[in-house]
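A.B. asks: Build me a structure from this.
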Amino acid sequence: MIRLRRPTRSVLLAAAAMLSLAGCVTASPAARAGATAEAASAPDSGAFVIAGDPHRAAGSPWSFRGTVNGVRYDLTGVLFAPEGAGPFPAVVLSHGSGGNAERIADAVGRTMVGWGFVCIAVNYTHAVGVPTGAPGGSSETGASRANVLRAHMTRELLRRIPYVDNTRVAAHGHSLGAYLQVAWLAAYPGDVRVASATGGGIRPPRSRIAPAPTIEDAAHLSVPYQMHHGSADQTVPLSWDERLAAVLREHGVPNALYIYDGGHLAPRADPVMFERVRAWYAAYGVK
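C.D. replies: A predicted model of the protein is given here:
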């Protein structure tokens, strides 16, 4: 077991080699949405491995395999870090259908690293081109309990990285990743300070589209939430983000919804979207 202290320059330079980190993680109790509360005293086993240098242009793959609070994890993902000793703010990136951790890190993470952010992305149950991992299976997509647990554990892994400032953490999701982000932050409201998403929202009343979160999920959100949606989105209707914005307003949660000309992918890499996200994060102390 390696227990990390405040990072030194030598520690950061050593990141070019495989880094294996292991330690106890205390999971926050799930507030709702089927994310049952496991006993805080349950044993933790496993290792968080960063294989390479996250400061390089391509970032670095990572993995976590073990059991935490009775849940078996087999997670993989990508980590990007700015140059320097930190501590840096961080963002958890959540990919959509047809994507994976590497793709969203490439499409979104590169820009955010330029802001001075550490970016971590995990492969969810709906990832393509990678092993399914655990918990959950390929049928448990979007806002499933399995993906809520994966997102929360990814956030917990940030606490093991010495150059991350864990008081300044945000979340950003796209499409199915935006769906699961709502369920995750409803269940674990203390995980991040601020959030943003593209092409997401919540399903209509009485809808049984399982990958999408419900109005009840959204009613438990307390994190300032910024939404971006295409005006002609035929994959996820604009009305789904409009519904989420209305629920947030009803419950007094700071929020903003921006609409872009085009379809489902219109806002995903729009420079204006990035400008708005950066300003939103800064307004809530993540900068």
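A.B. asks: can you map out the strands along the protein?
C.D. replies: Using DSSP state E, the strands of the chain run over 18-21, 44-51, 60-68, 71-80, 88-94, 118-122, 164-174, 194-198, 225-230, 255-260.
A.B. asks: my guess is residue 83 contacts residue 55, does it?
C.D. replies: Yes - in terms of Cβ atoms under 8 Å, residue 83 counts as a neighbour of residue 55; the distance is 5.6 Å. Placement of C-beta: from N, CA and C, glycine included.
A.B. asks: out of those two, which sits in the more crowded spot?
C.D. replies: Higher neighbour count among residue 83 and residue 55: residue 55, with 19 against 9, using other Cβ atoms under 10 Å.
A.B. asks: for that one, phi and psi?
C.D. replies: Phi and psi for residue 55, reported as degrees, to the nearest 10, are phi -80, psi -10.
A.B. asks: now it, nearest residue through space, not along the chain?
C.D. replies: Spatial nearest neighbour of residue 55, chain neighbours left out: residue 81 (5.2 Å); criterion: Cβ to Cβ, 6 or more residues apart in numbering.
A.B. asks: quick one, what contacts the one you found?
C.D. replies: By Cβ atoms under 8 Å, 6 or more residues apart in numbering, the contact set of residue 81 is 15, 54, 55, 59, 88, 113, 118, 119, 163.
A.B. asks: Same question for residue 165.
C.D. replies: So residue 165 contacts 86, 87, 88, 89, 90 (Cβ under 8 Å, 6+ apart).
A.B. asks: So which of those is surrounded by the most neighbours?
C.D. replies: Neighbour counts for the contacts of residue 165 (other Cβ under 10 Å) peak at residue 90, which has 27 neighbours.
A.B. asks: does it really touch residue 167, like I thought?
C.D. replies: No - Residue 90 lies out of contact with residue 167 (Cβ under 8 Å); the separation is 10.2 Å.
A.B. asks: re earlier: can you tell me which of the contacts of residue 81 is nearest residue 230?
C.D. replies: Checking those against residue 230 by Cβ to Cβ gives residue 119 as the nearest, at 23.5 Å.
A.B. asks: Could I get the pLDDT score of that closest one?
C.D. replies: Confidence at residue 119, expressed as pLDDT, is 98.
A.B. asks: tell me, how many neighbours does the nearest residue to it once chain neighbours are set aside end up with?
C.D. replies: Of all residues not flanking residue 119 in the chain, residue 109 sits nearest, at 3.7 Å (Cβ to Cβ, 6+ apart). Per other Cβ under 10 Å, the neighbour tally for residue 109 reads 25.
A.B. asks: which residues does residue 109 contact?
C.D. replies: With contacts defined as Cβ under 8 Å, 6+ apart, residue 109 is in contact with 59, 78, 80, 91, 93, 119, 121.
A.B. asks: Hmm, residue 120 is touching residue 88, no?
C.D. replies: No - counting by Cβ under 8 Å, residue 88 is not a contact partner of residue 120; they are 11.4 Å apart.
A.B. asks: Rounded mean pLDDT for stretch 45-53, please.
C.D. replies: Stretch 45-53 shows a mean pLDDT of 89.
A.B. asks: List the buried residues in it.
C.D. replies: Judged by neighbour count using 16 or more other Cβ atoms under 10 Å, the buried positions of stretch 45-53 are 46, 48, 49, 50, 52, 53.
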